[in-house]
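1. heads up, no residue letters with this:
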């Protein structure tokens, strides 16, 4: 266009955005492509699904975040294909030529080859997913209230969550709280506290990447909220409203949610390079693709082996650190013309936490293991700090304070029409 | 059920809810039926469509509002039919027998017999409508940014609003502000301030029910924001992306919105009683149906002639006053067994206002005519008072203050997938 170095960034999540914020050169221009128009604060998405926050509370227009960066063009489009040899990205609307390419496309739900399960057990990845899940759960309670047949109530008021990682634990805890406190006085014919929240985990413990004492504590805290935690329980099949376990046992539930597996987005397969079994790109220590020093992969899309020999986890701090790392490399490359050695990426683990409910959480920072109220306070503090820069931090704070002190959740409105679940509207 | 008098209220809008709040008797129980699970603060719905507020900011779960009223059962269901002689209401899920029936089902958009226009020019009645309209407008701007063909830009960046009543005026003003201030710095290839907002009105003035000086002032304020106000302009036909005027002129626009006509909900036709040409029920001075003293109609569903010989307007204060009036009548009837004369309904007009944008509005309270900043302050004050009782009043305040001082709107995220407008997601 103007002889400037052109950097194409695919994905406006934590990694892609952090790259943009930390890369700035007068000799370069950036094109950022995302399939949505907003950056999503993923760690709080479960709060939208469980009616604690509204969608715009945790989403911010990407254009707005980057409005003061005339060197960045934002495109809302889908990636269709690549030609790495010719340095081209094929979007739905146009073709982009790049000098550097930053792949930050993130992950998606993995059903371990059972794609047909997705229709019956949706996962939680996008705002649309979250709003749909919220509507589905609330509609099931409405249907139970409306139905005189007691035997239907059990199915309608059962929520099965498959996968005992952080997302599954957070969803289970939040739904248990929703039923036991928020909805408690709302109905006349059903008792929402009788809702069954079942968390299924295939391995012997939930939160398997936490130290054993915190895994056990998380399970106790969930059970105190009334969640049925079933570990070493594998799913054989999922059908409409029905989960079949490996033992042959069947669980009937109006709501079945998938939180068991994450894989890199399938677009990565179009790159024609080597992937691991989760579809992630095997990158060099500097995060570039083997054979393509001008192409980098960051975030959930990249398989990076850390100093301890284990893969760097797919969490937002890791994605952000990778974004900053690549920004540093490309800045040097442009300034010194590729004559500088590239440093390897080093992941700095600030700790891990998972929230379970009001005053219930687990947190693990190096040798410090916290659970219950102190862990929850820490979780709250970290997420408030994180939200700084988000326009809605005050509104979110107000909503949280309200939810905490009033045991209420204002976002529990049903907005999505779920096909087949309700009669057509009169019009 | 228990020998108590059973009152069925259809509709959880302003009228139905106000009835419930003001009627309380130990000898009666209420069943409130609504097709959604939330009460909607209709006067601010245009703010959701124009990305100023998020959906839960203006919607509150009906169950939550009435949680401390064990005498009230809330059902989420659709009304299918009536049998007034046998005092029955047929819902989709069950049949309700009533002693008193309060019809508060509200209105819907009227296309004056052109139902086929609805697909191309949606109206603004529900949360779903608002979120869809917001997504449609924002997507059109994204498409323009993405498209190298300059000639497509004009169509994509044109919004036509049909109908110059309060809703049309508020939408036109808010979209003009969105384009001219909020989105101004967001794009690189298009200039959002070049967006055309066209307000079409068939009669010679906009806001025809306001005094002439305020109508003129509203038009000037809209024009100052860049809105093309075209009065005495009638629509002949609406097709996909195209409005044809009676003169034969054609306007091409990615977004066409209908704010021209409101009618009572078509369910009223099932009652088998006399309706006016807008489908409203002709009620007696006490708001009951002729021949059915136990059935009342309130709000947009009722045609009530005021003291000045003109119909009471379809605004929320009128609906609320009617709800209180009927609550008083039924209370007396139950206490004294129908031996008291029923007073006629009298509408107390507190004034009318329409907001146009930041510091721009018109307000008319008896002999006081306000426009510009003072009218806008009054509008703000009234709506804040109105919102008291809504959980989100602080959050709404924060969002508004943010929007006002920062010229930003955080709710401008695209969440609804509009069929055909975007390629399918990669998955």
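-> Thanks, I have the structure now. Model, not experiment: these values are computed from the prediction.
2. neighbours of residue A:13, just the number please.
-> For residue A:13, the neighbour count with other Cβ atoms under 10 Å in any protein chain shown is 26. Quick note: C-beta positions are derived from backbone N, CA and C, even for glycine.
3. Any figure for the gap between it and residue A:144?
-> Separation of residue A:13 from residue A:144 (Cβ to Cβ, to the nearest Å) stands at 37 Å.
4. OK, contacts around residue A:368?
-> Contact analysis of residue A:368 by Cβ atoms under 8 Å, 6 or more residues apart in numbering or on different chains lists residue A:351.
5. Just confirm yes or no for stretch A:14-29 near chain B.
-> No - with Cβ under 8 Å from any Cβ of the partner chain as the criterion, chain B is not reached by stretch A:14-29; the gap is at least 9.7 Å.
6. Show me what the helix or strand harbouring residue A:45 packs onto, helices and strands only.
-> Using DSSP states H and E, residue A:45 falls within helix A:45-49. With contacts defined as 3 or more Cβ pairs under 8 Å, 6 or more residues apart in numbering or on different chains; DSSP states H and E, helix A:45-49 has these neighbours: helix A:127-146, helix A:166-177.
7. which strands and helices sit next to the longest one?
-> If contacts are counted by 3+ Cβ pairs under 8 Å, 6+ apart, helix A:127-146 sits against helix A:45-49, helix A:150-156, strand A:255-258, strand B:72-76.
8. Try it again at 10 Å.
-> Judged by 3 or more Cβ pairs under 10 Å, 6 or more residues apart in numbering or on different chains; DSSP states H and E, helix A:127-146 is in contact with strand A:38-40, helix A:45-49, helix A:150-156, strand A:158-162, helix A:166-177, strand A:255-258, helix B:62-65, strand B:72-76.
9. What sits closest to whichever residue of the stretch 151-300 of chain A sits closest to chain B if chain neighbours are left out?
-> With Cβ to the nearest Cβ as the measure, residue A:186 is the residue of the stretch 151-300 of chain A nearest to chain B, at 3.7 Å. If the residues on either side of it in the chain are set aside, residue A:186 comes closest to residue B:63, at 3.7 Å by Cβ to Cβ, 6 or more residues apart in numbering or on different chains.
10. if I pick that neighbour, what's in contact with it?
-> By Cβ atoms under 10 Å, 6 or more residues apart in numbering or on different chains, the contact set of residue B:63 is A:138, A:141-142, A:145, A:183, A:185-188, A:412, B:12, B:32, B:37-38, B:72-74, B:76.
11. export the helices and strands packed on helix A:45-49 to CSV and tack on mean pLDDT?
-> Shown next, in CSV, are these (pLDDT from 0 to 100):
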stretch, mean pLDDT
helix A:127-146, 90
helix A:166-177, 94
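12. highest average neighbour count across those?
-> Mean neighbours per residue, mean count of other Cβ atoms under 10 Å in any protein chain shown, is largest over those for helix A:166-177, with a mean of 26.
13. is chain B contacted by that one?
-> No - legend: contact between helix A:166-177 and chain B by Cβ under 10 Å from any Cβ of the partner chain is lacking; minimum distance shown is 15.4 Å.
14. same check, this time on stretch A:151-161
-> No - applying Cβ under 10 Å from any Cβ, one finds stretch A:151-161 separated from chain B by no less than 11.5 Å.
15. those helices in chain A, which residues are they?
-> Counting by DSSP state H, chain A has these helices, from start to end: A:14-22, A:45-49, A:62-65, A:127-146, A:150-156, A:166-177, A:212-224, A:316-336, A:373-387, A:393-406.
16. so which of the ones you listed comes closest to residue B:343?
-> Residue B:343 lies closest to helix A:127-146 among the helices of chain A, at 36.4 Å (Cβ to Cβ).
17. Could you list the low-pLDDT ranges of chain A?
-> Where chain A drops to pLDDT under 70, the residues are A:1-2, A:385-427.
18. Switch the helices and strands packed on helix A:45-49 over to TSV; also include distance to residue B:8.
-> Shown next, in TSV, are the helices and strands packed on helix A:45-49 (distance: least, Cβ to Cβ, whole Å):
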stretch	distance to residue B:8
helix A:127-146	15
helix A:166-177	32
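19. quick one, which of those is nearest to residue B:49?
-> helix A:127-146 (16.8 Å).
20. So the residue of the stretch 151-300 of chain A closest to chain B sits against residue B:61, correct?
-> Yes - at 7.2 Å, residue A:186 counts as touching residue B:61 under the criterion of Cβ atoms under 10 Å.
21. more neighbours, the two?
-> Neighbours were counted for residue A:186 and for residue B:61 using other Cβ under 10 Å; residue B:61 has more, 28 against 20.
22. what's the burial count for the residue lying closest to residue A:344 once chain neighbours are set aside?
-> In this structure, residue A:344 finds its nearest non-sequential neighbour in residue A:285, 3.5 Å apart by Cβ to Cβ, 6+ apart. By the criterion of other Cβ under 10 Å, residue A:285 has 12 neighbours.
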